[in-house]
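Asks: using only what follows, build the 3D model:
(chains A and B)
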Protein chains: 2
Amino acid sequence: MDKLYVIKIGGNIIDDEQKLAAFLQSFASIHAPKILVHGGGKLATKLAAQLGIEQQLIDGRRITDAETLKIVTMVYAGFINKNIVAQLQANGCNAIGLCGADGNVIQAHKRQHPFIDYGFVGDVDVINTPLLQSLLAQHINVVLAPITHNKKGLLLNTNADTIAREVAQAMSILYEVHLLYSFEKKGVLLDTNDDNSVIQSINLSYYEELKKEQKIFAGMIPKLDNAFAALKKGVHRVVIGKAEQLEQLVAQTAGTSIINEM
Amino acid sequence: MDKLYVIKIGGNIIDDEQKLAAFLQSFASIHAPKILVHGGGKLATKLAAQLGIEQQLIDGRRITDAETLKIVTMVYAGFINKNIVAQLQANGCNAIGLCGADGNVIQAHKRQHPFIDYGFVGDVDVINTPLLQSLLAQHINVVLAPITHNKKGLLLNTNADTIAREVAQAMSILYEVHLLYSFEKKGVLLDTNDDNSVIQSINLSYYEELKKEQKIFAGMIPKLDNAFAALKKGVHRVVIGKAEQLEQLVAQTAGTSIINEM
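Replies: Okay, here's the model as predicted:
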């Protein structure tokens, strides 16, 4: 099976022009098929504020009303997505930027919740793996914006971490998928005050052990639970680390690898 | 040769939710490969005004400074493009929305002019016909936003009429291309005061005759010159007519056909 990299970058990189440029140069240099999933950054929030649209958050998730959906569609699927693609092209890396509606690549449904109205938020149903495979086979790398659709005409705001995981899982039928999550830290830390205490490799039994000893920072638990869930669904390896170290994350010389076996 | 429809819709349809929905339903019902090129509409101008960004026009063309480029990228390649794609998907028409940077589908260069600085405006160099052909062969129709790139990392604002013509010309090597321009009128009129005086069919000698008799409205001359130029470059037929009559324009029962022979 060929390797496929599914790489998620967060807002902290997107908001920093120089860091983003350096990241995209590293991304372009990976000699394998790859899918980049990007989050939003502060531009959407800033634009909403400038337009006098109030933002609501419940459990850390943006409540997406009609006006907010318009803004995130413009910013995520328009400005950020197209600028990333243009920069990749400048780095000699052929890429195509898609939202979930494009080629029906990510179909979702509007989230239903007994008490909370999340608004235009989508939970993923199906990934169009044949389309992704066809593009990758033509040496076209894919850049996914965190906007999906319900195939009934509605665009939906969808968490980028979730999109990365769903795409990685679905593509595991066709490729040996390496799922890379970039965030602010160098990896999962044994000591949250020491940025150099990165755990190189973690499997489920070691994770359980560390959790029992309360050595895992609470904020990491949902990320790691997600990573182990992805492995169960066929993803070969999940890596958590710093975007600035992308080349080392790919070479397995930095970050934390979450694996089935050790 | 298979038929390919390249269809341009203007801002007057994009700004009208109901008209756009009806147009997209008609577009979806065309049983042939098709490429939709959309213009901008008033949303970009409105958003710029809300954000306090002043717009400049020279010879009817928007001067695209850095802030305006940001806005048109968001509105054209984001909001408008993705909403059109989502609506086509809802109509059972598989479609993918691209700007020129995506898959390097339209490469352009920044316009150079001895006296006027147009800003981030692009003139088209190359259309990536193999990519368009590959998508169409997979029954994926293409929706193009009027944003191109220079392959050096710059996105560029580009006239949608020009994109439609350049794409139609380039694709004429592979398909029998029908280029449809939709605008406010039912077609080229013999009497500008009578919306029913549509000229059904016009070739170059008839056009010259009508121009000599001053029977062609001045505003139509650049459109018709463009249409005849497209025919010279291999486009099979150019049709000018009303977006609301799309099905009849395709069936050749409405609008003005611009053709090589009669």
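Asks: gap between the residue lying farthest from the centre of chain A and chain B?
Replies: Going by CA atoms, centre = their mean, the residue of chain A most distant from its centre is residue A:213, 29.4 Å out. From residue A:213 across to chain B, the span is 47 Å (CB to the nearest CB, to the nearest Å). C-beta: built from backbone N, CA, C; applies to glycine.
Asks: quick check, pLDDT for that residue.
Replies: Looking at residue A:213, its pLDDT reads 90.
Asks: which residues touch the residue in the stretch 1-150 of chain A that chain B sits nearest to?
Replies: Nearest residue of the stretch 1-150 of chain A to chain B: residue A:78, at 2.0 Å (CB to the nearest CB). By CB atoms under 8 Å, 6 or more residues apart in numbering or on different chains, the contact set of residue A:78 is B:73-79, B:81-82.
Asks: and those as TSV, adding distance to residue A:103 and pLDDT?
Replies: What follows is these, written out as TSV (distance: CB to CB, whole Å; pLDDT from 0 to 100):
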residue	distance to residue A:103	pLDDT
B:73	21	97
B:74	21	97
B:75	22	97
B:76	19	97
B:77	16	98
B:78	17	98
B:79	19	97
B:81	13	98
B:82	12	98
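Asks: just the residues you listed now: which is nearest chain A?
Replies: Nearest member of these to chain A, counting by CB to the nearest CB, is residue B:78, at 2.0 Å.
Asks: nearest residue to that closest one other than its sequence neighbours?
Replies: Leaving aside its sequence neighbours, residue B:78 sits nearest to residue A:78 (CB to CB, 6 or more residues apart in numbering or on different chains; 2.0 Å).
Asks: need phi/psi at that neighbour.
Replies: For residue A:78, the backbone dihedrals (degrees, to the nearest 10) come out as phi -100, psi -90.
Asks: how close does it sit to residue A:5?
Replies: Distance check for residue A:78 against residue A:5: by CB to CB, to the nearest Å, it reads 25 Å.
Asks: next: residue A:96.
Replies: Plainly put, residue A:96 is 16 Å away from residue A:5 if you go by CB to CB.
Asks: okay, these two: which has more neighbours?
Replies: The neighbour comparison of residue A:96 against residue A:5 (other CB atoms under 10 Å in any protein chain shown) goes to residue A:96, with 25 against 22.
Asks: the more buried one falls within a strand, correct?
Replies: Yes. If the criterion is DSSP: H, G, I helix; E, B strand; the rest coil, then residue A:96 is within a strand.
Asks: quick one: name the residues of the stretch 101-250 of chain A near chain B.
Replies: Counting by CB under 8 Å from any CB of the partner chain, the stretch 101-250 of chain A comes close to chain B at A:101-104, A:131, A:134-135, A:138, A:140, A:147, A:149, A:151-155.
Asks: again, 6 Å this time
Replies: The stretch 101-250 of chain A comes close to chain B at residues A:101-104, A:140, A:149, A:151-153, A:155, as judged by CB under 6 Å from any CB of the partner chain.
Asks: pull the most distant pair out of those.
Replies: Greatest spatial distance in those: A:140 and A:152, 28.1 Å, computed using CB to CB.
Asks: which one of the two has more residues nearby?
Replies: Taking neighbours as other CB under 10 Å, residue A:140 and residue A:152 compare with residue A:140 leading, 19 against 11.
Asks: show the backbone phi and psi for the more buried one.
Replies: Dihedral angles for residue A:140 - degrees, to the nearest 10 - are phi -110, psi 110.
Asks: distance check, the closest residue to residue A:102 other than its chain neighbours against residue A:134.
Replies: Once flanking residues are discounted, residue A:102 sits nearest to residue B:96: 4.5 Å by CB to CB, 6+ apart. Residue B:96 sits 11 Å away from residue A:134, going by CB to CB.
Asks: re earlier: dihedrals phi and psi, the residue farthest from the centre of chain A?
Replies: According to degrees, to the nearest 10, the main-chain angles of residue A:213 amount to phi -80, psi 0.
Asks: next, count neighbours for residue A:116.
Replies: 13.
Asks: which residues does the closest residue in space to it that isn't next to it in sequence bridge with?
Replies: In this structure, residue A:116 finds its nearest non-sequential neighbour in residue A:58, 5.7 Å apart by CB to CB, 6+ apart. Partner residues in beta bridges with residue A:58, using DSSP bridges, are residue A:61.
Asks: measure how buried residue A:58 is and give me the count.
Replies: Residues lying near residue A:58 (other CB under 10 Å) number 12.
Asks: please apply the same query to residue A:255.
Replies: Here the number of neighbours of residue A:255 (other CB under 10 Å) works out to 29.
Asks: where do the strands sit along chain A?
Replies: Counting by DSSP state E, one finds strands in chain A at the ranges A:3-9, A:34-38, A:56-58, A:61-63, A:95-98, A:106-110, A:122-127, A:141-144, A:147-149, A:155-157, A:176-183, A:201-202, A:237-242, A:256-258.
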